[in-house]
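# Can you look at this prediction? I've put the sequence above it.
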Amino acid sequence: MVSDIPVTLITGGAGFLGSHLSDRFLAEGHKVVVMDNFLTGSRENIEHLLDHPRFELIEHDITRYIDFPGRLDYILHFASPASPADYLQMPIQTLKVSSLGTHNALGLALAKGARLLLSSTSEVYGDPLEHPQKESYWGNVNPIGYRGVYDEAKRFAEAMVMAYHRTHGVETRIVRIFNTYGPRMRLDDGRGLPNFMRQGILGEDITIYGDGSQTRSFQFVSDLVDGLWLLLMSDEVMPVNIGNPVEISIKHLAEEILQLTGNKSTITYQPLPAGFEDDPKIRQPDTTRARTLLGWEPRVDRLDGLRATLDDFRVRLEQ
């Protein structure tokens, strides 16, 4: 007898975002299979799921052929280094996971008749000349710069997804994710928000690279997961931005986190490190498509989300 329980494969499922997606899809009644080689993911993120009867972990590098017996309904392709600290150290692996890995995931979707959602990124817009960024904007990316290994890898992945959709009729969805934070972020992630939190909790000076005027738009992870669920279950094939349209400067973020930690750290400024020459100066999503097509809007207030994330960081830093 064939089970009617939907089966969802999450590549990169031991990462920050993938682990939260695993929680959500299990809560929705799916069988969840996480595939991860733990290059940047952590077993700790999914340890609470290992004994769940509808959860399975497969340790595998998706740049190699994927053998997946049995039913498969959905693929969430989230495997990739995402922090500049990671992809600047692992440029070739980053390119391979979004090229060979995406090719393998799409081949599996074609063979199984599964629907695939690609985790793309606001980085496809590069250092944008349009503000806020709409999905119709083609971007301003330096293909041979240090960040190009991530930016262009995701742009290529989007092109491959659309090619499989148009050529083979594979059901595909593309999400462009803007800055997301929450519990289970890596303590050594290297990006501004987790760095500020770790430094603030430990009473160290908070380090801003550049003058802090660069802007970002931060969404709490539960808001992102809601948007991903709605997009996957929709009929929308073209890319959709999922991000919080409230834009703030990095300096403002550092000041908020410092105040929330209650420590008397100070904010210091350092030059941008090598490889950050193309660091975007502004970043804000136009979320009109998400609102009109999916009925989605972020709901978590930034300060509430920062408090929840700080609580998680404190617990892990004390371990």
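Done, it's in. The structure presented is a predicted model; accordingly, all values stated were derived computationally and were not measured. Numbering: from 1, shown residues only.
# Ile248: neighbouring residues, count only.
16 (other CB atoms under 10 Å). All C-beta atoms are positioned from the backbone trio N, CA, C, and that covers glycine.
# swap in Asp67?
For Asp67, the count of nearby residues is 8 (other CB under 10 Å).
# what about it, helix or strand, and which?
Applying DSSP states H and E as the criterion places Asp67 outside every helix and strand.
# What segments of the stretch 51-200 of the chain are strands?
55-59, 74-77, 115-121, 172-177, 180-181 (DSSP state E, counting those that start in this stretch).
# For my notes, please list the ones you listed in TSV and give distance to Thr102 for each entry.
As requested, the strands of the stretch 51-200 of the chain are arranged in TSV below (distance: least, CB to CB, whole Å):
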stretch	distance to Thr102
strand 55-59	18
strand 74-77	6
strand 115-121	7
strand 172-177	11
strand 180-181	20
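# Deepest-packed of these, please.
Highest mean neighbour count of the strands of the stretch 51-200 of the chain: strand 74-77, a mean of 27 (counted as mean count of other CB atoms under 10 Å).
# re earlier: got TSV for the strands of the stretch 51-200 of the chain, with distance to Gln93 and mean pLDDT too?
Output for these, formatted as TSV (distance: least, CB to CB, whole Å; pLDDT from 0 to 100):
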stretch	distance to Gln93	mean pLDDT
strand 55-59	16	98
strand 74-77	15	98
strand 115-121	16	98
strand 172-177	20	98
strand 180-181	22	97
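# just so I know, which of those lies nearest Gln284?
Minimum separation from Gln284 across these (CB to CB) falls at strand 172-177, 12.6 Å.
# how many degrees apart are that closest one and strand 115-121 in direction?
Comparing the axes of strand 172-177 and strand 115-121 via axes from the mean of the first three to the mean of the last three CA atoms, to 10 degrees yields an angle of 20 degrees.
# Contacts for strand 172-177, please.
With contact meaning CB atoms under 8 Å, 6 or more residues apart in numbering, strand 172-177 is reached by 17, 106, 109, 115-122, 124, 135, 158, 161-162, 164-165, 224, 227-228, 231-232, 234, 236-243, 285.
# starting at the chain centroid, how far to that strand?
11 Å (CA atoms, centre = their mean, to the nearest Å).
# CA atoms only for that strand - export them in PDB, please.
Extracted C-alpha coordinates of strand 172-177, given in PDB (Å, rounded to 0.1, in the frame of the first residue of the first chain):
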ATOM      1  CA  THR A 172       9.900  24.700 -10.100                       C
ATOM      2  CA  ARG A 173       9.800  27.700  -7.800                       C
ATOM      3  CA  ILE A 174      12.500  30.300  -7.100                       C
ATOM      4  CA  VAL A 175      12.800  32.300  -3.900                       C
ATOM      5  CA  ARG A 176      15.200  35.300  -3.600                       C
ATOM      6  CA  ILE A 177      16.000  35.400   0.100                       C
END
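# Neighbouring strands of that strand in the sheet, and parallel or not?
Partners of strand 172-177 in the sheet, by DSSP bridges, are strand 115-121 (parallel), strand 240-242 (parallel).
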